[in-house]
Each structure stands twice: as C-alpha cells, then as structure tokens.
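**Student:** mind folding the following:
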Amino acid sequence: MRVAQVLPAYFQDRVDFMGGGDRYVYFLSKALQPYCDVTFFTFGPRYREESFDGVHHVVLPTRRTANPDNPLPLSLAFASGRFDIVHCHQLRSVVTNLATVIRRATRRPLVVTDLGGGGRSASYRFQLYRLVPAFICISDFSCSLLPAAARSRAEVIKGGIDLARFPYHPGPRQRQVLQVSRLMPHKGMNYLIDAAGQDIAVVIAGKIVNAGYYRDLQEMARGKQVRFLIDVDDNAILAAYRQSAVTVAASVYRDMYGGHAPNSELLGLPLLESMSVGTPVICTNVGAMPEFVRNGETGFLVPPNDPAALRQRLTELLNDPSLRSTMGLAGHNHVRRYGWDVVAPQISAVYSRLLARA
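**Tutor:** Predicted structure coming up:
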C-alpha cells in the first residue's frame with residue numbers, strides 16, 4: 001500500500017517543525033513504515049528528495065506566500081494516482097483543496113486530518129469537505145470542530161506519541177514548573193508566570209511565533225524565577241521534562257489581548273510527552289486536553305485564565321513529592337494507549353478499509 005503523507009507547510013532550507021501538528025505528521029509517517037510504503041511531502045523553494053531519519057521525504061516547490069502554513073504548490077505530485085492513499089493534514093489549506101478535487105475526479109481514496117492550521121482556502125466557502133471520503137481526528141474535540149456534514153465520515157484515533165523517545169524517569173527533580181509550547185498568546189504562558197509569583201521557578205521552552213508576546217512575557221518575568229529556552233533541540237526538551245516537578249499547559253480560548261482561539265489544543269502533545277516521562281501535569285480545561293489528563297490521577301485540570309486556581313494546584317504538587325510520584329507513574333501508564341505502536345495500526349486499518357471500498 002503506497003501512502004502519501006502530506007504536510008502543507010513551507011520550510012525554507014530544512015524541515016524545522018514549529019509545533020505539535022508538524023511533528024504529528026512526521027512521526028505518523030515514520031510509524032506507518034512497517035505497514036505502508038510511505039512518502040512524506042512538505043513544501044519549499046525547490047524540489048528535493050531525501051531520506052529524513054529513514055523516511056522518504058519529498059519537498060515540492062511552491063509559489064512565494066506570506067503564510068508558511070498554506071503554501072501554493074507548483075507540483076501536484078502529492079495527489080498522484082500512483083498513491084493508493086493520500087492523507088492530507090490541515091483541512092483549511094490550498095494543498096488539501098487541490099488533493100480533494102484531484103482524488104475525487106480520479107476516484108482515488110483521500111483521508112484528511114485537521115490539525116488546526118492552514119489558512120484561507122475554499123474548504124468551507126465551496127464546501128469541499130463534502131467530497132472527502134474519510135477524516136481521521138486526533139481527539140473528540142477536533143472531531144466536534146468538523147462541519148456537521150463531515151462528521152459521519154470521521155473516525156477518532158486519539159494520540160500519537162513516540163514512547164521510546166520519552167522513557168520513564170523516576171527522579172530526582174528540581175522544584176520547577178515547565179511549559180513546552182510555541183510562544184503564542186493563546187498558549188497562556190502569562191497566566192503561568194502570574195501564578196508562579198516570585199517563589200516558584202518556571203521554565204518556558206519553545207519557538208517564538210509572536211515576538212511581541214515574547215517581549216511582554218519577558219517584561220512580566222522581571223524579578224521572578226523565569227527562564228526561557230528558545231529554539232532548543234529535542235534533547236533539551238527531554239531533559240527539561242526529566243528535571244521538572246510539574247508540566248503545565250495553560251492554554252486559553254481568550255488571550256490577554258482579547259484575541260479568540262476557539263480551536264485551541266486539538267491534542268496537547270507536550271502533556272503526553274510529560275506523562276510518558278513520569279512528570280505530572282496541570283492543564284486548563286481547554287480543547288482536547290481534558291480528554292488525555294485524568295483529573296486527580298495523572299494530573300489536575302484548572303479553569304483557563306485563572307492564575308489563582310493554577311497556583312493552588314502547583315503548590316499542592318510542589319509540596320507533596322509522594323503525590324507527584326504517584327501521579328507521574330499513573331500518567332506514564334496511562335499514555336501507553338496513545339503510543340504510535342497502538343495508533344499506527346489503527347490508521348493503517350482505516351486506509352485498508354477505504355481501499356477495499358474503492
């Protein structure tokens with residue numbers, strides 16, 4: 001079975017994943033290799049083929065675009081009939097729109113997974129989603145965001161984490177709190193800084209997407225125990241999980257500037273990574289995150305935009321090593337069901353059923 005995994009993202013010189021959605025597609029491509037002949041497509045300034053950590057990676061040329069998450073392709077190779085299955089990620093993208101029309105015209109199977117990115121496209125304006133034969137959703141929340149007419153063709157397959165990359169670590173740990181995410185207002189890092197005050201150490205690790213927000217966070221962090229790890233590699237992120245007492249995901253629907261992010265957190269991958277390592281988590285009751293965190297067992301849920309509630313749970317965990325240890329082990333055991341060794345065969349089975357009907 002020949003499968004195209006299509007990530008509608010533009011990378012200038014090399015693949016440089018910005019967030020969990022990008023990583024999801026790459027690691028899915030890697031995990032599917034025992035079941036399928038996979039080609040992983042991204043987009044860039046010129047055509048290139050390479051082996052990317054053992055995955056056949058093809059970069060297709062695009063027109064220059066202001067939005068790297070919605071490239072305008074100069075090649076349609078990603079939708080080619082030589083692929084038994086084309087799996088496009090991001091519903092709202094020109095690439096997915098083109099694949100939808102081409103695969104429909106040639107009566108070839110197409111699968112779409114929406115990871116919350118993309119940009120302006122014809123998906124909703126012309127209701128192209130009606131032509132997509134199958135959707136795979138990474139959470140119940142992400143499924144609920146699909147147009148009503150598409151949900152009957154959707155299957156929820158939760159998770160996707162490389163458990164071997166995030167092995168269990170029993171400790172010891174520092175009295176510090178970690179948040180791993182892109183620096184964007186809807187990630188709510190400002191509420192974590194507020195909650196920590198001057199007595200709780202905070203580490204914020206991620207890539208700068210909104211430079212103005214980063215400057216405001218730096219200003220808020222003055223005089224506090226806040227450290228930023230910007231653009232660090234995966235090994236540094238793993239070390240931060242292993243060293244920290246708690247991992248926080250403080251995402252919000254309404255950010256500090258009044259901006260609205262109704263699609264916030266379709267999965268919450270850092271929570272799964274943290275729990276795999278054995279670090280308990282605290283997350284806001286936003287998006288899909290409550291689907292993956294068992295409140296009071298693997299971590300705590302708190303209301304969004306509520307630094308007082310967040311601080312209360314932080315203090316509870318930081319002051320109780322036994323509770324942290326118990327929750328950490330429970331989280332590690334809990335996330336096994338979301339490993340790629342479980343998820344990839346389920347997705348491959350969806351492909352096989354589609355082919356059988358084609």
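**Student:** mean confidence score for stretch 79-88?
**Tutor:** Mean pLDDT, stretch 79-88: 97.
**Student:** now it: buried residues?
**Tutor:** For stretch 79-88, burial by neighbour count (16 or more other CB atoms under 10 Å) applies to 79, 80, 83, 84, 85, 86, 87, 88. (Each C-beta comes from the backbone N, C-alpha and C, glycine too.)
**Student:** what's the answer for stretch 237-246, then?
**Tutor:** Of all the residues in stretch 237-246, those buried under the rule 16+ other CB under 10 Å are 237, 238, 240, 241, 242, 243, 244, 245, 246.
**Student:** do stretch 57-67 as well
**Tutor:** Neighbour-count burial for stretch 57-67 flags 57, 58, 59, 60, 62, 67 (criterion: 16+ other CB under 10 Å).
**Student:** kindly report the same for stretch 209-225.
**Tutor:** Those would be 210, 213, 214, 216, 217, 220, 221, 224, 225, for stretch 209-225 by 16+ other CB under 10 Å.
**Student:** contacts for it?
**Tutor:** By CB atoms under 8 Å, 6 or more residues apart in numbering, the residues outside stretch 209-225 that reach it are 18, 176, 182-185, 189-190, 193-194, 196-202, 204, 208, 226, 228, 256.
**Student:** could you dump the buried residues of stretch 209-225 into a markdown table with distance to residue 41 and secondary structure added?
**Tutor:** As requested, these are exported to a markdown table (distance: CB to CB, whole Å; DSSP: H, G, I helix; E, B strand; the rest coil):
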| residue | distance to residue 41 | secondary structure |
| --- | --- | --- |
| 210 | 28 | coil |
| 213 | 31 | helix |
| 214 | 31 | helix |
| 216 | 37 | helix |
| 217 | 35 | helix |
| 220 | 40 | helix |
| 221 | 39 | coil |
| 224 | 43 | coil |
| 225 | 43 | coil |
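**Student:** of those residues, closest to residue 349?
**Tutor:** residue 210 (39.3 Å; CB to CB).
**Student:** identify the farthest-apart pair in the buried residues of stretch 209-225.
**Tutor:** Between all members of the buried residues of stretch 209-225, the farthest pair (by CB to CB) comes out as 210 and 225, at 23.1 Å.
**Student:** show me where the stretch 151-300 of the chain has helices.
**Tutor:** Ranges of helices in the stretch 151-300 of the chain, per DSSP state H, counting those that start in this stretch, are 189-196, 211-220, 234-243, 269-277, 289-292.
**Student:** contacting residues around residue 183?
**Tutor:** For residue 183, the contact set (CB under 8 Å, 6+ apart) comprises 189, 204, 206, 207, 208, 209, 210, 213, 214, 217, 230.
**Student:** which among these gets closest to residue 153?
**Tutor:** Of these, the one sitting nearest to residue 153 (CB to CB) turns out to be residue 209, at 32.1 Å.
**Student:** identify, from the contacts of residue 183, the entry nearest to residue 300.
**Tutor:** residue 189 (17.8 Å).
**Student:** pretty sure that closest one is touching residue 250, no?
**Tutor:** Yes: with contacts counted by CB atoms under 8 Å, residue 189 reaches residue 250, the gap being 6.3 Å.
**Student:** more neighbours: which of those two?
**Tutor:** It is residue 189, of residue 189 and residue 250, that has more neighbours when counted by other CB atoms under 10 Å, with 30 against 26.
**Student:** who's in contact with that one?
**Tutor:** 179, 181, 183, 204, 217, 250.
**Student:** of those, closest to residue 115?
**Tutor:** For those, the minimum distance to residue 115 (CB to CB) is 14.5 Å, reached by residue 181.
**Student:** what's the nearest residue to the closest one if we skip its chain neighbours?
**Tutor:** Leaving aside its chain neighbours, residue 181 sits nearest to residue 187 (4.5 Å; criterion: CB to CB, 6 or more residues apart in numbering).
**Student:** quick one: contacts for that neighbour?
**Tutor:** For residue 187, the contacting residues are 179, 181, 206, 249, 250, 251, by CB under 8 Å, 6+ apart.
**Student:** in strands, which of these appear?
**Tutor:** For those, the ones inside strands are 179, 206, 249, with DSSP state E as the criterion.
**Student:** about what we covered before: adding pLDDT, write the buried residues of stretch 237-246 out as a markdown table.
**Tutor:** Below are the buried residues of stretch 237-246 laid out as a markdown table (pLDDT from 0 to 100):
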| residue | pLDDT |
| --- | --- |
| 237 | 95 |
| 238 | 96 |
| 240 | 97 |
| 241 | 97 |
| 242 | 97 |
| 243 | 97 |
| 244 | 98 |
| 245 | 98 |
| 246 | 98 |
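**Student:** what residue of this structure is the furthest out?
**Tutor:** Going by CA atoms, centre = their mean, the residue of the chain most distant from its centre is residue 223, 32.1 Å out.
**Student:** got the buried residues for the longest helix anywhere in the chain?
**Tutor:** The residue-count maximum for a helix in the chain (DSSP state H) belongs to helix 340-357. By 16+ other CB under 10 Å, the buried positions in helix 340-357 come out as 340, 342, 343, 344, 347, 348, 350, 351, 354.
**Student:** do you know how far the fourth one is from residue 357?
**Tutor:** From residue 344 over to residue 357 the distance is 21 Å, taken as CB to CB, to the nearest Å.
**Student:** quick check: residue 59 touching residue 47?
**Tutor:** Yes: between residue 59 and residue 47 there is a contact at 6.5 Å, judged by CB under 8 Å.
**Student:** how about low-confidence regions in the protein?
**Tutor:** Across the chain, the ranges flagged by pLDDT under 70 are 18-19, 66.
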